[in-house]
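Chemist: with the input below, show me the fold.
(chains A and B)
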Amino acid sequence: MTSQEIQDTLKSKFGDAVLESKLDAQQPWIKIATNKAKSIGFFLRDEPSLQFDFMSCLSGVDYNDGSLGIVYHLYSMVHKHKIVLKASCTKDNPHIQSVSDVWGTANWHEREAFDMFGIYFDEHPDLRRILCPDDYPGFPLRKDFKVPEFYNGMKVPY
Amino acid sequence: MGLLDYKFESSNVFITSLENLLNWARLSSLFQMQFGLACCAIEMMAASASNFDIMRFGVIPRATPRQTDVMIVAGTVTLKMASRIKRLYDQMAEPRYVISMGSCSNCGGPYWEHGYHVLKGVDRVIPVDVYVPGCPPRPEALLEGIMKLQEKVRKESMSKKAHKA
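Modeler: This is a model prediction of the structure:
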């Protein structure tokens, strides 16, 4: 299926939850409404003509304009087509639906995005930090992150 | 001072000080605490393998701090790992030594500026005896570090305060 057809299928089902897209990009992407992430995920996975059964990657982004983003890279092992989904939330209210029920891979990826960007994935079964220590101050990949002077009595900067 | 300098030619007798004998025994059996944290561990493994054969210096890898004399910190020390290193060092029996292997554990290495999670040198949490530079150091460099530590042990004295020579 081409990315245009994928977008049309998605639009016919979800209508205005499809916000924006760029299909002539090297990796064609579709922006979706944040509060629909989970149902769109289930639809993409289970719809027989789409069958996105493989999540290649889930990443967090800080756009440095007060908003944070999530990028989902999806692939279908059955149909051999792929698509990129994007969703965004604000820094003041960094909440988004978890898709770990849809793709098991998302569990750890969402924990990483939480660890690095402080994005809270609602209904995630186990939302803890995955790389940094549990008591690490702040979210290191945010653009406004400042390296702490001390961590547990250890000087951090060089 | 070599142990064999005071050997009598005619009979099977050595004359030496107890200090020399003990130091010789200790420096000839520096049991190593395995502490591979990153890519330096690969070079440490190569040093243990047959080409370089670190065991000819009496360095035998042990997996517990209770049985070891020297901790070779080989790799990037993250903040998360630093407290574990401190605890393992505390669990080692004295006299104990630390070899810091590679740029990361010497000073933070390539993470010195933007490494928000990296301890900039393992000497911020435990005392280091020998620094081995390199990124990663070749096995020969680690062997050199072992020999430097042996020199240090050889010069130690029970009557004078240790770690001063």
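Chemist: quick check: end-to-end length of stretch B:86-104?
Modeler: Between the opening and closing residues of stretch B:86-104 we find a distance of 17 Å, counting by CA to CA, to the nearest Å.
Chemist: what average pLDDT does it get?
Modeler: The average pLDDT within stretch B:86-104 is 92.
Chemist: hmm, that stretch in reach of chain A?
Modeler: No - Stretch B:86-104 lies apart from chain A when judged by CB under 8 Å from any CB of the partner chain; the minimum separation is 9.3 Å. C-beta here means a position set from N, CA and C on the backbone, and glycine is covered the same way.
Chemist: residue nearest the centroid of the chain?
Modeler: I went with chain A, as the question did not name one. What sits nearest the mean C-alpha location of chain A, by CA atoms, centre = their mean, is A:I70, with 3.1 Å.
Chemist: if you could check chain B rather than the one you did, that'd help
Modeler: A centroid search over chain B (CA atoms, centre = their mean) returns B:I99, at 3.9 Å, as the residue closest to the centre.
Chemist: show me the beta-bridge partners of A:L58.
Modeler: Each beta-bridge partner of A:L58 is listed here, defined by DSSP bridges: A:Y72.
Chemist: what's the neighbour count on it?
Modeler: When counting by other CB atoms under 10 Å in any protein chain shown, one arrives at 23 neighbours for A:L58.
Chemist: I'd like to know how far it sits from chain B.
Modeler: 21 Å (CB to the nearest CB, to the nearest Å).
Chemist: could you do A:I30 as well?
Modeler: When CB to the nearest CB is applied, the distance between A:I30 and chain B equals 33 Å.
Chemist: where's that residue, which helix or strand?
Modeler: Using DSSP states H and E, A:I30 falls within strand A:29-32.
Chemist: dump the helix or strand following that strand to CSV, restricted to CA.
Modeler: As assigned by DSSP H and E, the chain's next helix or strand after strand A:29-32 is helix A:37-46. Listed in CSV are the C-alpha atoms of helix A:37-46, where the atom choice follows Å, rounded to 0.1, in the frame of the first residue of the first chain:
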residue,chain,number,x,y,z
ALA,A,37,-2.9,7.3,19.6
LYS,A,38,-4.1,4.0,21.2
SER,A,39,-7.2,3.5,19.0
ILE,A,40,-5.3,4.4,15.9
GLY,A,41,-2.6,2.0,16.9
PHE,A,42,-5.0,-0.9,17.3
PHE,A,43,-6.6,0.0,14.0
LEU,A,44,-3.3,0.1,12.1
ARG,A,45,-2.3,-3.3,13.6
ASP,A,46,-5.6,-5.1,13.1
